[in-house]
Every structure is written in structure tokens, then in C-alpha cells.
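In: curious how this folds, go ahead:
(chains A, B, C, D, E and F)
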Number of protein chains: 6
Amino acid sequence: MPEFSHLDSTGSARMVDVGAKPPMHRRATAECRVVCAAETIRALRDRALPKGDVLTVAKVAAIQAAKRCDELIPLCHSLPLDAVDVTFDVQDTAIHIRATASTTAKTGVEMEALTAASIAALTIYDMCKAVDKAMVVTDLRVVEKVKE
Amino acid sequence: MPEFSHLDSTGSARMVDVGAKPPMHRRATAECRVVCAAETIRALRDRALPKGDVLTVAKVAAIQAAKRCDELIPLCHSLPLDAVDVTFDVQDTAIHIRATASTTAKTGVEMEALTAASIAALTIYDMCKAVDKAMVVTDLRVVEKVKE
Amino acid sequence: MPEFSHLDSTGSARMVDVGAKPPMHRRATAECRVVCAAETIRALRDRALPKGDVLTVAKVAAIQAAKRCDELIPLCHSLPLDAVDVTFDVQDTAIHIRATASTTAKTGVEMEALTAASIAALTIYDMCKAVDKAMVVTDLRVVEKVKE
Amino acid sequence: MPEFSHLDSTGSARMVDVGAKPPMHRRATAECRVVCAAETIRALRDRALPKGDVLTVAKVAAIQAAKRCDELIPLCHSLPLDAVDVTFDVQDTAIHIRATASTTAKTGVEMEALTAASIAALTIYDMCKAVDKAMVVTDLRVVEKVKE
Amino acid sequence: MPEFSHLDSTGSARMVDVGAKPPMHRRATAECRVVCAAETIRALRDRALPKGDVLTVAKVAAIQAAKRCDELIPLCHSLPLDAVDVTFDVQDTAIHIRATASTTAKTGVEMEALTAASIAALTIYDMCKAVDKAMVVTDLRVVEKVKE
Amino acid sequence: MPEFSHLDSTGSARMVDVGAKPPMHRRATAECRVVCAAETIRALRDRALPKGDVLTVAKVAAIQAAKRCDELIPLCHSLPLDAVDVTFDVQDTAIHIRATASTTAKTGVEMEALTAASIAALTIYDMCKAVDKAMVVTDLRVVEKVKE
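Out: Down below sits the predicted model:
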């Protein structure tokens, strides 16, 4: 039967003890999409994307959030990230976000990748909300997790 | 034609100047879902939900993230939140999250509500990821925004 | 029967909604003591107190912690502090700490005063722990709370 | 004569240089008590403890504070914590708190354990202060410190 | 004789009590320069400025630091900023930075403007340090301070 | 031709991947000066320096900022600092600041040293601004960088 690593035998939340685990190279990639109106994408392409600031601001926010993931997700460990990368693919009615985090540490970085993708999406939402009240952030998930 | 409030006439990102706006009571509600396997929900109902810690930890994380929204979303203003409320509805293959933030301030709180819902979802993801590798956080959106 | 303001009718934790409360001048004072060996106090008087750094570092830590009380205590509101003051009275086997916080806000500042006193005590503990392994921080309490 | 490791020869505060120290497994446990009225404990047992939220919120706050100890205590080093554990023992007129922090690092974690216990106590204080104005947090001390 | 507002009559540091001051519109502008080699500016103009990311990242860092000025400068009050604006003027051997912060609060915002300009400069330094080891950040000062 | 390590081939900002770099002992020293009126220095010498609080508060702020450099400078890595040291030399019309940071990590600490010196300067500025409206922070630069 599956075990919730973050719950002890009485059902109480706990931080997993990683003291006995060896540091390894670990990498995780998460993706999500900000679904918006076609007109929003057209306006972005016209006025926002040439200068590029919307996506750059979102990328910076994502990197900074990934570095602070342990402050946001209560039972996460503090990990020294080796790198965070965030890329965007602007489609006709959505902006696709892909965030990769890597570390050399005792535990995985999927929460850091998910946090980076989420905060990138929310930052784009913030910058576009004056022109589009109906955006949806969707399909946030881990697409790759590697340990070596 | 729609205006991006966070971009100036050259396309550069900017923080909106709210100096001339009066403080008003403002409230926003955001929702999202963590979609998981039926077996994950069954395991939660068996071992995690009776004690309640998974949802309480997620709620605390959400409240704390809402209070720090201005640190996460670069162009957001710092708002003194009057209240943050987060509720959960555990369904057969998903956990539905609803987060409401309210303030008496010069600008709206939808980013705070969205941030609270997102971080609640990520916290649940973190606590369930050992038993379910295929969860998806989806349909994050603002469902109500009020100013009075 | 007494009411836990931070619990709703189902026993779930919640942030109190202060939206309808008027801002008022509020002030609270908390005290505690760091109990140490007489020899520790003598060593402090000889080598640390003339320069004064131990108490100044503790005061700065206390002020900074009071300003971030809402990040530390999950259900606390973010309050704009008007002032934080911390004083020390070095006695023969203890350092007495007194911290006062004040604000003009919708809710009280006793948690800010208690946090300031606690972090001042821990900072002194940190700086003296190499010479005294048996210190105790004790009698932390609110000694005054004013609203006007 | 005892040496204050955090003071240089002129009495100025300093951060200890741990550059030459080897990383070791280190663990520390701190304890304290929140002393309250018997009626407060009875009310907690009636309405708060069955759902468990008061203690879970306090535990989350403690874990998050331990991870940020270096931001709170000015001369502390940033340590990657392997685990933080917090347990509560509800007695007739007090809640006993026990916090353990562990790391694999160049310096000890007693400040992290003390910070966790302190913030757990303050969080309980915050959630009970509406029903009990006379609580005292007391006997905060390190009860075990191990290096191996 | 001039008075240090942050020192009490014994020379101890203190936070100024702003409880009796009325909130006013306040604005401050700070400037500084990052002096670099002519070749660095040419390389920036060739490869970095067309895309614009170096200056956008610096602007985001500046805005975020201004919002957290109270965490960085120990005796500063927490102020709700109405706006932060940062502009850059790329000259032949320097990048000129100008940062303006505004608030409606009980105390001035020159520290927020200075912090924004400083962190913008350091962020540019960070991104250019691989190509120029001899940059200098200089002439950081307040150029305008307004209260109305 | 010089390479901007923080820009990819399209000119987009990125965090450098340090995953393949070995941890090494690294140390960096930065300096700057706060230039003030001779009368300000005389007032400091008369009333502020005997007690020492102005410089101690600046030192604490510098150490705390160095530990949080990765939160301030967006593309910086999180480094566990072994030590931070800050010294001051009060001259006739300036306060000279020298900050050294050291780590055992995969990347250098010059940004931590620069951040420490900058925040020390701004903290002094904050505490002296009531007596001197014309201070300038100048000549911030790296004076030594060592890897071994």
C-alpha cells in the first residue's frame, strides 16, 4: 500500500529525514500553460514580445521562487540549486512554460521546478490581467525527473 | 485596443503607480484542482484526512504565501491583507481548492488569491508525490473579484 | 465559554478577518529573561558589555524579527510598525529583556512584541553559548497591551 | 577564561569562520513549555485538539522558522537541515514542546532547534491568546546536542 | 547641533517612532553609475541590449529590493510603496541608473530609492562581471526628495 | 570576444549551470566609501562612535544581506557562507567600508562581498541622513578575489 512520506504513523505531518542519503546530481522539469484569448496573444505579439519584458520578468520571478521553494512549501528541504532554466513558447491561445531545476543534493527538485513554472505563470497572469480577465493556468505537472 | 498596464509606451515593464487611488475594500477568490489517481484519494481518506494534517499544512502554506505575494510576483504591490481563507473539497479523483483574499487597499487582490491557491496545490502535491507520480494541478483561475 | 478566534466552528485554523475593524494606535510590551551562570555575566561585563555589541546585535535582530512577525507566525496579519524598542537590564545571573512594539492598525501587536523579545533572547544565547552551555530563556509574557 | 566566539579581540561582534571545519552529522534538541490556565487546556481538549489544527499550525511554523534561522539570528550560518521534528505533550496546565533539528554541516544546530521550539510556542500563544491573556512561555533550553 | 534621529540620548540605536506623524504622499529619487570599460559597453550594445534582458533583470531586482528595504536596512519602517520606477542611460563608459520610489506613509522613501538603485547596479555588475573585472559602482546619492 | 555568462546565444538572461564545478574555498573582498561632511564625522565621533552602535548596526545589516544575496541578485546561486567580515575606517570626510565573504562552494562570492559593503553603506546612510542630506556612497568595487 502506498506510503505518504510526509506523514508519520499517527498521520501527523513531518519533514522527511534525508540525513542518511548521499548527495546526487538531480534534475526535474515541470510544465504548464497560461491559456488566454487569441486577442491577448495578438496584443502581446504586437506590443509586449518585441521588447520581451513580459517573458523576462516572468523568468526572473520563476528563478527567484525556485531558490526560495523551501520557504513556500513547508516540508521541503533547502537545496542549493545548480541551475534553473525557464523557457516560453507563445502559441495562438496559450503561453507554454517549461522550467528545469537542477541540484547536487540529498533529495529531488521537482518541487523547485513546479514552483518555478507556477510563479512564471502567475507573473504572466499579473502582467496580462488588465487586458484579459479570463486567463486560466493549467496542466502544471512534472514531465521529467532524473537522478544520476 | 487593450492596454498592458504593466508596460510603458516603449514596452518596458513597470509597476503601476497607485498613489492616486483611494483605499477600498477588495476581495478576490481563486480556484484550482489537484487531479490525482483514485487510489491516492482513497489513501488520503484512509490515512491522511482523519488526522487532517495534509490539508492544514496546505492551508498554512497558502496563507503565508498570500502574505508574501509581493515578494513572488515582481510588479505586485505590498498589500496588508485583512483575511485569507482557503477551503478544500476532496472529490474522487481530485482535490478542489478555493482561496479568498481580502484587503483594504489601493489595488486588487486577485494575485494574492491565485498565489494562495497555487501554493496550497503545490503543498498537497509535495505531500502526495511519494504515492502518485502523475498528479496535475489544473484550472487555476479567478472566480470572483469584488470592490466596494 | 471561551472562543478560539483562530478556529472556525469545525475546529479548522483560520486567519481572523479584520476588514471591518478601524485602525487604532496599539502598543504592546513583552518581557523575558535569559538566565545564565554568574560567571557568564561577569565575562560579559568584562569583555562584551564595554563595547556593547552583544546587546546591540540582539536589539537589531529583535527589531528585524518584529517587522517580519507575519512571516513567522502563520495566522498573524502584516502590520506596519510605528516603532519597536528593546531594552536590556543585565542582572547578576540573568539578562532581562523588554520589547515594545507599536502600530496604527486594525489588530494588536502583542505577537510582534513577543517575537522581538524571543529573538533578542535567542541572539544573546547564540553569542554566549560558547561560554555557557546551560542558559535558559524564561518567563516570556506580555506585560502591557494598550489600544487608544 | 571563557571565550566569546562571536566577539573579536576588540569586543566587536563577528561571524565565526567555519571554513576549515569538516561537515559532520549534527543534531540538537530544544524544549520549552507554554504555561496556560487549566481552563485553556480544557477548551483546547474540547474544541481544538480533536481536529488538531492548533498543533499542526505550530509545527509548520516551527519547521519553517528553523529553515530560516540564519535570517533571524544575525551571526548564524546558513545550514541545509536534514530534518526538523517537533512534538507536543499537552499537560494539565501547560503544553510541552520538543524540537529536534539535524544537519550535515560545519557547525551545530542548537540555534535552529531553539528557534523551532520558540516559534512553535509563539504560534500556540497566538492561537490561544483570545481565551487566555496570561500565558507564559518558559524553560526554553537545549536538552541534547550530538555530533558524529 | 545636529541630532542623530536613530540614536537615543545614550548613543544606543533606535527605530524612530512615527506613530504621531500623518501619512503623506512622499517620493524620492536616487541615482548611481556603474562605470565599466568602453569594450564592455560595446559588447552590451552588440549582444545584450538589443534583447534588453540585462536592464530588465536589473529593473526587476531593483523593484523587488525596494519593496523589501525594511528587511535590509534594520531601522527602516515597512512602507507600502505606491510605485517604483527605474530607468537606465547607457553611456560610453558607464550605465547611469535612476530609481524613484513613492509612498503614502508616515516617513520618507529615500532609503527605498537608494536600495533600488544599489541593487540595480549590483545586478548589472553580476551580469557583466565575466567580461569586466574592474567595474566600479559610484556616486550613489539622493537627487530629489518630495513630500506633499 | 568577451562572453556574458548570464546571457544565452539569443541574448536571454540565464542562471549559469554550476553543476559540473567542484566546490572550492573561495573568498572575495569589496570596498566602498560613504562620503559625508566633516561635521557629520565630528558628530559621529562625539556622540555615535563612543557607544559604537552605528557601525555595529551596519555590520549586522551587512552580514544578513550577504547571507541573502541570492534573494537580491536574481541570477546568483545560493551559497553557504563560511564567514562574513566587515570593518570600518572612519576618516575625516568619509567612512571606508571593507567587507569579506568566504565560502566552500561551486562559484565565487564577489556578489556577496559587494552586497555586504553596499548594505553597510546604506545602513550608515540611513542612520546619518537626519544630520547630513548630501552623503554619497562611492567607489564600490571588488579588491580581492581568491580561489584555492
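In: in contact with A:K106, which residues?
Out: Contacts of A:K106 were listed using C-beta atoms under 8 Å, 6 or more residues apart in numbering or on different chains, and they are A:V18, A:G19, A:K21, A:P22, A:P23, A:M24, A:H77, D:D82. Every C-beta, even on glycine, is put in place using the N, C-alpha and C of the backbone.
In: touching, the fifth one and A:T104? I think so.
Out: Yes. Between A:P23 and A:T104 there is a contact at 5.4 Å, judged by C-beta atoms under 8 Å.
In: packing partners of whichever helix in chain A runs longest?
Out: Assignment by DSSP state H gives helix A:110-128 as the longest helix of chain A. Applying 3 or more C-beta pairs under 8 Å, 6 or more residues apart in numbering or on different chains; DSSP states H and E, one finds that helix A:110-128 contacts strand A:24-35, helix A:53-67, helix A:69-72, strand A:81-90, strand A:94-105, strand A:136-147, helix B:110-128, strand B:136-147.
In: list the contacts of the last one.
Out: Right, the one you point to is strand B:136-147. Under the contact criterion C-beta under 8 Å, 6+ apart, strand B:136-147 has outside partners A:32, A:114, A:118, A:121, A:133-141, B:24-35, B:98, B:100, B:108, B:110, B:113-114, B:117-118, B:121-122, B:125.
In: sorry, back to before: buried by neighbour count, from the contacts of A:K106: which ones?
Out: Buried by 16 or more other C-beta atoms under 10 Å in any protein chain shown: A:V18, A:H77, D:D82, out of those.
In: which ones are touching the first one?
Out: With C-beta under 8 Å, 6+ apart as the criterion, the residues that contact A:V18 are A:H77, A:K106, A:T107, D:D82, D:A83.
In: if we use 10 Å, what do you get?
Out: A:H77, A:L79, A:A105, A:K106, A:T107, D:P80, D:L81, D:D82, D:A83, D:S102, D:T104 (C-beta atoms under 10 Å, 6 or more residues apart in numbering or on different chains).
In: got TSV for the helices and strands packed on helix A:110-128, with mean pLDDT too?
Out: TSV is the format used below for these (pLDDT from 0 to 100):
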stretch	mean pLDDT
strand A:24-35	98
helix A:53-67	97
helix A:69-72	98
strand A:81-90	98
strand A:94-105	98
strand A:136-147	98
helix B:110-128	98
strand B:136-147	98
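In: of all the ones you listed, which one is nearest E:K67?
Out: When the helices and strands packed on helix A:110-128 are compared for distance to E:K67 using C-beta to C-beta, the nearest one is helix A:53-67, at 12.5 Å.
In: the closest one and chain C in contact?
Out: No. Applying C-beta under 10 Å from any C-beta of the partner chain, one finds helix A:53-67 separated from chain C by no less than 15.5 Å.
In: and the angle for that helix with helix E:110-128?
Out: Between helix A:53-67 and helix E:110-128, the angle comes out at 90 degrees (axes from the mean of the first three to the mean of the last three C-alpha atoms, to 10 degrees).
In: check whether helix A:53-67 contacts chain E.
Out: Yes. Helix A:53-67 lies within reach of chain E by C-beta under 10 Å from any C-beta, at A:D53, A:V54, A:L55, A:T56, A:V57, A:A58, A:K59, A:V60, A:A61, A:I63, A:Q64.
In: and that helix, what does it pack against?
Out: Contacts defined by 3 or more C-beta pairs under 10 Å, 6 or more residues apart in numbering or on different chains; DSSP states H and E place helix A:53-67 against helix A:69-72, strand A:81-90, strand A:94-105, helix A:110-128, helix B:69-72, helix E:53-67, helix F:69-72.
In: quick one: distance of stretch A:3-18 to the chain centre.
Out: 24 Å (C-alpha atoms, centre = their mean, to the nearest Å).
In: can you give me the buried ones in it?
Out: Going by neighbour count (16+ other C-beta under 10 Å), the buried part of stretch A:3-18 is A:F4, A:S5, A:H6, A:L7, A:G11, A:S12, A:A13, A:R14, A:M15, A:V16, A:D17, A:V18.
In: end to end on it, go ahead and measure it.
Out: Taking C-alpha to C-alpha, to the nearest Å, the first and last residues of stretch A:3-18 lie 16 Å apart.
In: again, but for stretch A:7-18
Out: The straight-line separation of the ends of stretch A:7-18 (C-alpha to C-alpha) is 15 Å.
In: model confidence over it, on average?
Out: Confidence over stretch A:7-18 (mean pLDDT, whole number) is 92.
In: can I take it that A:P50 is in a helix?
Out: No. Going by DSSP: H, G, I helix; E, B strand; the rest coil, the assignment for A:P50 is coil, not a helix.
In: do you know how far it is from A:A58?
Out: As judged by C-beta to C-beta, to the nearest Å, A:P50 and A:A58 stand 16 Å apart.
In: which of the two has more neighbours?
Out: Taking other C-beta atoms under 10 Å in any protein chain shown, A:P50 and A:A58 do not tie; A:A58 has more neighbours (29 against 11).
In: what sits against the more buried one?
Out: Contacts of A:A58 by C-beta under 10 Å, 6+ apart are A:34, A:86, A:88, A:95, A:97, A:116, A:119-127, B:13, B:73-74, E:60.
In: need the buried ones from those residues selected in ChimeraX.
Out: Buried members of the contacts of A:A58, identified by 16+ other C-beta under 10 Å, are gathered into one ChimeraX selection as follows:
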select /A:34,86,88,95,97,116,119,120,121,122,123,124,125,126,127 /B:13,73,74 /E:60
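In: which among the contacts of strand B:136-147 count as buried?
Out: Counted by 16+ other C-beta under 10 Å, these give A:32, A:114, A:118, A:121, A:135-141, B:26-35, B:98, B:100, B:108, B:110, B:113-114, B:117-118, B:121-122, B:125 as buried.
In: how much space is there between whichever residue of chain A sits closest to chain C and chain F?
Out: Here chain A gets closest to chain C at one residue, A:E71, 8.5 Å apart by C-beta to the nearest C-beta. Using C-beta to the nearest C-beta, to the nearest Å, A:E71 is found at 10 Å from chain F.
In: contacts only, for that residue.
Out: Applying C-beta under 10 Å, 6+ apart to A:E71 gives the contacts A:65, A:78, B:61, B:64-65, B:68, B:71-72, C:71, D:64, D:67-68, D:71, F:71.
In: in a helix, A:A20, correct?
Out: No. Looking at A:A20 with three-state DSSP, it is coil, so not inside a helix.
In: what is the neighbour count of it?
Out: 9.
In: could you report the separation of it from D:T104?
Out: For A:A20, the distance to D:T104 equals 10 Å [C-beta to C-beta].
In: most remote residue from chain A's center?
Out: Seen from the C-alpha centroid of chain A, the residue lying at the greatest distance (C-alpha atoms, centre = their mean) is A:T10, 31.5 Å away.
In: I figured that one was touching B:G52, is that so?
Out: No. Contact status for A:T10 versus B:G52: not in contact, 11.8 Å apart, counting by C-beta atoms under 10 Å.
In: quick one: common contacting residues for the two?
Out: D:G52.
In: that older thread, include distance to E:D46 when you put the residues of helix A:53-67 next to chain E into a markdown table, please.
Out: A markdown table is the format used below for the residues of helix A:53-67 next to chain E (distance: C-beta to C-beta, whole Å):
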| residue | distance to E:D46 |
| --- | --- |
| A:D53 | 20 |
| A:V54 | 24 |
| A:L55 | 22 |
| A:T56 | 19 |
| A:V57 | 24 |
| A:A58 | 25 |
| A:K59 | 22 |
| A:V60 | 23 |
| A:A61 | 28 |
| A:I63 | 25 |
| A:Q64 | 28 |
